[in-house]
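Chemist: below: sequence and its predicted model.
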Amino acid sequence: MKLRGRFTVSLALAALVPITIAAVVTTRSIANKWRDDYAARRDQAQRTVESELDTLQQRIEHAAQALASHAHPFVGKLLIDLAESHGTLTGDEQRDLDQQAGPTMRGLSLDVFTVTGPDDVVLVAPHHHAEVGDPLPTVRRLAEQTSNGAPFFTRETIMTGSTDETVLVVESARLVHDSESGYTIVLAAGKRVGDELLQPLYRDGDDARIVTPDNKVVLPPKNADDWAHASKDPPIQVAMLGPDHKPIAYVEVAVSDRGRDQVVRTIALYALLALGALACVVVVGMFVARRTVRDLDVLVEGSIAAARGDLDHRVPVRDNDEVGAVANAFNFMMEDLKTSKEKLVIAERIAAWQDIARRLAHEIKNPLTPIQMAMDTLRKSYKKQHPEFPEILEESTATVLEEADRLRRIVAEFSDFARMPKPELGRIDLNDVTSSALALYKGGSPPVELKLAPDLPRLDADKGQINQVLLNLVENARDALGDRDGGKIVVSTRRGEANDRVMLIVDDNGPGVPPGAKDRVFAPYFTTKQMKGGTGLGLAIVHRIVSDHGGRITISDAPGGGARFTIELPLRDGAALLASRI
């Protein structure tokens, strides 16, 4: 077996070990996740019980508070009757009280309603009429013991039909004092703890019940026969505290853990099957890779050569298979690209010279017209011996000299562009160059904001030419903004995506570049500022400097509106700036 084959096999075998470990770790992680979810369900169940108990207690507390108000019709009338009867109700008053007590209790959804008078004798007990007229000092003690209104759980006797039933209730006892008569009555309001407390806990196979401290069932679970097998873990217990703050009962919740072990076994089985399948794939891929990788490496080398502009590169075609077909197609593409590039270069040169000729003719024609008119005026004035000939001579010669100077500047600008020197490269810090170049615009209008990336790597570049690029782009943005209110220019730097380049970005919030002009904006002598005297060489110079540095410049719409110029420069001279980030 050759070196490539041995390397492929070794890599495949080495990959099996971490993959196996990863499969085991993953299986255990999933099992731990299941356990964590189970623990979270238990915590949620406990919070649900506590929330339901708290809600139940708050309802009873609010009901007792509403009853204890002097403004309540029932309590208010009772206090008035006691004051008028000097602490003892008449027979009619007692009957009226009995008639109102039942509707009052049912109106507040209560199951227990007891009122004792100043002498602790029961005045009202619609839930158990047998207590009416009997002394019951425990109600007053409960009100005093529980801070006058704090809810608690207790056992109460309720008349159901013709039988008495002792049930678990949540209750609140309060003292109601009448300052005018000096009498104090005590009322206790309660509600039976029923299945509605446990209903929110019956989900996902969970079950719940209420038991006494000695493990007697007060409210049975939904599935009493299956309670012992609902969960391997002990049920969650939440105490229901009595007036002495000791548990009078417990809410027990069995959080179901059914299927946990089965899920873990299934995951482990799937993990083993995946490892077996992966091992088979690696073995088969070992034989395919030995032959394929060799030809793919050649294609990769050819692609990199094409990206660097070496259109003469060709890849060898070894076999008449799919890879060989790709190699043939690649070579055909390179030949076609070379031919197309040659044709394109010739066409671009012809078009460029035609454009240069038209632009030169236009730029030279403009000054010639005033020169011709000035000389014609001067000639006519001389022939006619015009009395103001000296003044006409002065004005005409001034016009001729001014336009001649304009012609000289145009010729010099075109000449400078044609003789632009190659960059003199050196290691520069783009942030330093940017800060120095734009210091002239500090405090100006429109404002120029800098956003420089920290720890920007140095690069090979001509400091003077990069400075010229910055100034041309900023001036171009300033011309685009004009007198626009709120105009702003943002110059930023940052690293490239593959850490093989730096990026210089100039944004403005001006009108932007029309879509039809984006393809021509870097062409020599193209300008949208004819009325402002622009020659159209500024962005062409920028494009040439960036290209001479091995970089690229693109134009797009800025995020907030306006134009964005993005320059990418390689860190090292001669490094390929591949768009594919290979």
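Modeler: That came through, no problem. Residues are numbered from 1 along each chain as shown.
Chemist: may I ask which helix or strand encompasses residue 313?
Modeler: Counting by DSSP states H and E, no helix or strand carries residue 313.
Chemist: that one: neighbour count?
Modeler: 17 (other Cβ atoms under 10 Å). (Glycine included, C-beta is placed from N, CA and C.)
Chemist: the nearest residue to it once chain neighbours are set aside sits in which helix or strand?
Modeler: In this structure, residue 313 finds its nearest non-sequential neighbour in residue 305, 3.9 Å apart by Cβ to Cβ, 6 or more residues apart in numbering. Take DSSP H and E as the rule and residue 305 turns out to sit in helix 260-307.
Chemist: which parts of the stretch 451-582 of the chain are strands?
Modeler: Shown for the stretch 451-582 of the chain, the strands assigned by DSSP state E, counting those that start in this stretch span residues 459-461, 489-495, 501-508, 552-557, 563-570.
Chemist: now the shortest one: average pLDDT?
Modeler: Averaging pLDDT along strand 459-461 yields 92.
Chemist: next: the fourth one.
Modeler: Across strand 552-557, pLDDT averages out at 90.
Chemist: in its sheet, what does it sit against?
Modeler: In the sheet, strand 552-557 lines up against strand 563-570 (antiparallel) (DSSP bridges).
Chemist: quick one: contacts of the partner strand?
Modeler: 430, 459-461, 469, 473, 477, 480, 496, 500-508, 510, 512-513, 546, 549-558, 576-577 (Cβ atoms under 8 Å, 6 or more residues apart in numbering).
Chemist: buried subset of these as a ChimeraX selection?
Modeler: The buried residues among those can be selected in ChimeraX (16 or more other Cβ atoms under 10 Å) with this line:
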select :430,459,460,461,469,473,477,480,496,500,501,502,503,504,505,506,507,508,510,512,513,546,549,550,551,552,553,555,558,577
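Chemist: so where's the longest helix in the chain?
Modeler: The longest helix of the chain (DSSP state H) is helix 3-67.
Chemist: next helix or strand past that helix?
Modeler: helix 73-84.
Chemist: for the residue of the chain most remote from its centre, give its distance to residue 392.
Modeler: Ranked by distance from the centre of the chain (Cα atoms, centre = their mean), the top residue is residue 385, with 85.2 Å. To residue 392, residue 385 is 12 Å away according to Cβ to Cβ, to the nearest Å.
Chemist: same check, this time on residue 201
Modeler: 110 Å.
Chemist: for those two, indicate the residue with more neighbours.
Modeler: residue 201 (22 against 16).
Chemist: ok, the more buried one touching residue 45?
Modeler: Yes. Taking contacts as Cβ atoms under 8 Å, residue 201 lies within contact range of residue 45: 6.3 Å.
Chemist: partner strands of the lengthiest strand in the chain, parallel or antiparallel?
Modeler: Using DSSP state E to define each element, the chain has its longest strand at strand 163-177. If you go by DSSP bridges, strand 163-177 pairs up with strand 152-160 (antiparallel), strand 184-192 (antiparallel).
Chemist: distance to residue 371 and mean pLDDT added to those, as a markdown table?
Modeler: Converted to a markdown table, these look like this (distance: least, Cβ to Cβ, whole Å; pLDDT from 0 to 100):
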| stretch | distance to residue 371 | mean pLDDT |
| --- | --- | --- |
| strand 152-160 | 111 | 89 |
| strand 184-192 | 109 | 92 |
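Chemist: go through the ones you listed and pick out the most buried.
Modeler: strand 184-192 (a mean of 24; mean count of other Cβ atoms under 10 Å).
Chemist: okay, the angle between it and helix 3-67?
Modeler: Relative orientation of strand 184-192 and helix 3-67, computed by axes from the mean of the first three to the mean of the last three Cα atoms, to 10 degrees: 140 degrees.
Chemist: make 6 the first number, not 1, from now on.
Modeler: Yes, from this point I'll number from 6; that puts the last item at strand 189-197.
Chemist: check which element follows strand 189-197 along the chain.
Modeler: Beyond strand 189-197 toward the C-terminal end (DSSP H and E), the next one is strand 212-216.
Chemist: average pLDDT for that next one?
Modeler: Averaged over strand 212-216, pLDDT sits at 90.
Chemist: how about stretch 273-292?
Modeler: Rounded mean pLDDT across stretch 273-292 is 69.
Chemist: now stretch 221-235
Modeler: On average, stretch 221-235 scores 84.
Chemist: cool, stretch 75-87 as well?
Modeler: 87.
Chemist: distance from the chain centre to it, please.
Modeler: Centroid displacement of stretch 75-87 relative to its chain, using Cα atoms, centre = their mean, to the nearest Å, is 60 Å.
Chemist: just the CA coordinates of it, formatted as PDB?
Modeler: Taking Å, rounded to 0.1, in the frame of the first residue of the first chain, the C-alpha atoms of stretch 75-87 are listed here in PDB:
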ATOM      1  CA  HIS A  75     -68.200  46.400  58.600                       C
ATOM      2  CA  ALA A  76     -69.500  47.300  55.200                       C
ATOM      3  CA  HIS A  77     -70.500  43.700  54.500                       C
ATOM      4  CA  PRO A  78     -74.300  43.500  54.700                       C
ATOM      5  CA  PHE A  79     -74.200  40.300  56.800                       C
ATOM      6  CA  VAL A  80     -71.600  41.400  59.400                       C
ATOM      7  CA  GLY A  81     -72.800  45.000  59.400                       C
ATOM      8  CA  LYS A  82     -76.300  44.000  60.200                       C
ATOM      9  CA  LEU A  83     -75.100  41.500  62.900                       C
ATOM     10  CA  LEU A  84     -73.100  44.200  64.700                       C
ATOM     11  CA  ILE A  85     -76.100  46.600  64.600                       C
ATOM     12  CA  ASP A  86     -78.400  43.900  65.900                       C
ATOM     13  CA  LEU A  87     -76.000  43.100  68.800                       C
END
